[in-house]
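Chemist: Sequence below, structure please.
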Amino acid sequence: MYAANAAARAAGLKPGMAVAQAQALVPELTIHDAALREDAEALGRLGLWALKRYSPLVATDPPDGLVLDVTGAAHLHGGEKAMLEDMVARLGAAGISARAAMAESWGAAHGFARAFAKPVIVVPPGQDAAMLEALPLGFLRLPREMVEQLGRLGLERIGDIAKAPRAPLTQRFGAELHRRLDQAFGRRREPIEPLRTPELIEARRHFAEPIGAAETLARYTEKLAVCLCERLCAQGVGVRRLDLLFHRVDSDIQAIRIGTSRPSRDAKRLTRLLSDRLERIDPGFGVETMILRASLVEPFETRHIRSTLLDEEAETDVCSLIDILANRIGAAHLYRLAPVESDVPERAAARIAPGSAATGKTWPALPRPVRLLRRPEPITTMALLPDHPPVSFSWRGVRRRIRRADGPERIFGEWWKCDAERDAVRDYFQVEDDAGARYWIYRAGDGEHPETGPQSWYLHGFFG
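Modeler: Residues are numbered from 1 along each chain as shown. Alright, predicted model coming up:
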């Protein structure tokens, strides 16, 4: 048997079992021929999807896995865990069950992703070895026959092999056993052969003698950017995601990935973004090939910046600043707020990309605080019900006496979204304490009817 679904596994069947034995255990078993070629093609398509979205270095890990080197790319997706969670969620939305693991080596990540039931695992640096030693030998990417023979010798876990003398095991089982062991523990390099598609626009440079000086790498980065932008212009597209790959003489590949807020083919801007990340590259004994690849392109629209005439205000192009910040701190941490049609304050704004076009919606005309708390925080107050503002309130252990107040502004719940908000009411007040600080507080309820809220008070924001 090549594979078994959940029902077959529940019946005691597992991959590798003889078909005759499986049919003896489950007489009504349905058997289909394995479509190995189609499976490999589908895995390759998934790899190309991951290449364009997540990492410049992606390879297939047959029969059912992908391996990604996300060094220098995870920050663009909010970090390693956020990137893996997004990947698993997107695959799940497409009907593909997936688990992902982040570790210091291909072999370790391969084992962790298959050994643990968690959808996402990010192993902290330095903890791979301890976790690997506890795994069964079946997760070391060894032939099934070898795993069975080792099991008959009482060697069932990776730690048993790691602690055993090498010479006798190598003499009996060959070099494959300790090759896989060293790869999993990161003691032996395991370069990946990255996927690529013929339609990817790229520029490459081979060197007769390996290069390694920082200024030399920067100079050829600029030359590759100029060459790539010429090819982008010829096809009428601009780049949104750019990968710079460094093939070292020791067969290792290092990469830089940058993104742009809008399609670009400005060689100077792209060179600056790439140069900002060159310090992360370790050339080792030298780089023999550099490849600049446009992994995501979009149609390019020429934008004209209006010049100033008399009292006209010049348009400011902030795309360059957005790109620099996004590639330094991560695109997930860079956004702007856009109004949303909602009376509930915490729902009245949404995060959108900083370079997005205007949504056409306007902010409420009523005054709103410059800072809104992520969640309203409870406060204790002294107030006359139903319509009087508090005389004082205590927040985080500090009592504040209210000198001025304005309100209430009544906001009703969105009953069409949630039944629990059918009768909900909030009465908001703008208040100022003796020190001149201004706060936005509200009472949950109208002060008279219990069905409108518990009549408790909350601090929701601060005015400038």
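
Chemist: For the rest of this, base every contact and every neighbour count on C-alpha atoms.
Modeler: Noted.

Chemist: I figured D128 was touching A108, is that so?
Modeler: Yes. D128 lies in contact with A108 (CA atoms under 8 Å); the separation is 6.9 Å.

Chemist: list residues touching both of these two?
Modeler: Common contact partners of D128 and A108 (CA atoms under 8 Å, 6 or more residues apart in numbering): F185.

Chemist: Show the contacting residues for L217.
Modeler: I211, L278.

Chemist: Please renumber the chain so that the first residue is 24 from this point on.
Modeler: Got it, the first residue is 24 from now on, which makes the last one we talked about L240.

Chemist: Double-check that it belongs to a helix.
Modeler: Yes. With DSSP: H, G, I helix; E, B strand; the rest coil as the criterion, L240 is part of a helix.

Chemist: Quick check: it vs R303, distance?
Modeler: Using CA to CA, to the nearest Å, we find L240 at a distance of 12 Å from R303.

Chemist: likewise R280?
Modeler: R280 is 11 Å from R303, by CA to CA.

Chemist: Which pLDDT value does the model give T339?
Modeler: The model reports T339 with a pLDDT of 61.

Chemist: before we move on, the earlier item: which residues are common contacts for R280 and R303?
Modeler: Both R280 and R303 are contacted by G95, under the criterion CA under 8 Å, 6+ apart.

Chemist: Now do the buried residues in the least confident helix or strand in the chain by mean pLDDT.
Modeler: For the chain, scoring each helix and strand by mean pLDDT, DSSP states H and E identifies helix 342-352 as the least confident one, at a mean of 81. Applying a neighbour-count criterion of 16 or more other CA atoms under 10 Å, one finds C342, S343, I345, D346, I347, A349, N350, R351 buried in helix 342-352.

Chemist: Touching, the third one and S379? I think so.
Modeler: No. In terms of CA under 8 Å, I345 does not count as a neighbour of S379; the distance is 11.3 Å.

Chemist: May I have the residues that are in contact with the most centrally placed residue in the chain?
Modeler: Residue closest to the mean C-alpha point of the chain, counted by CA atoms, centre = their mean, is M106 at 1.9 Å. The contact partners of M106, by CA under 8 Å, 6+ apart, come to Y77, A97, H100.

Chemist: For the last one, which non-adjacent residue is closest in space?
Modeler: This means H100. M106 (5.3 Å; CA to CA, 6 or more residues apart in numbering).

Chemist: State the three-state secondary structure for the one you found.
Modeler: M106 - assigned by three-state DSSP - is helix.

Chemist: Same question for A373.
Modeler: Secondary structure state of A373, per three-state DSSP, is strand.

Chemist: beta partners for it?
Modeler: A361 (DSSP bridges).

Chemist: what do you get for D92?
Modeler: Listed by DSSP bridges, the beta-bridge partners for D92 are L80.

Chemist: one step back: neighbour count for R280 and R303, which is higher?
Modeler: Neighbours were counted for R280 and for R303 using other CA atoms under 10 Å; R280 has more, 28 against 13.

Chemist: Now that one. Nearest residue, chain neighbours left out?
Modeler: Nearest one to R280, counting by CA to CA, 6+ apart, is D266 at 4.6 Å.

Chemist: ok, the one you found touching Y77?
Modeler: No. Between D266 and Y77 there is no contact under CA under 8 Å: 10.9 Å.

Chemist: Give the burial count for A131, as a bare number.
Modeler: A131: 24 surrounding residues under other CA under 10 Å.

Chemist: For it, list the residues it contacts.
Modeler: D151, L155, A207, F208.

Chemist: gap between it and I144?
Modeler: 11 Å.

Chemist: picking up where we left off before, mind listing which of the contacts of A131 are in helices?
Modeler: D151, L155, A207 (DSSP state H).

Chemist: Give me the three-state assignment for T244.
Modeler: Three-state call for T244 (three-state DSSP): helix.

Chemist: so how far is Q172 from it?
Modeler: Applying CA to CA to T244 and Q172 gives a distance of 52 Å.
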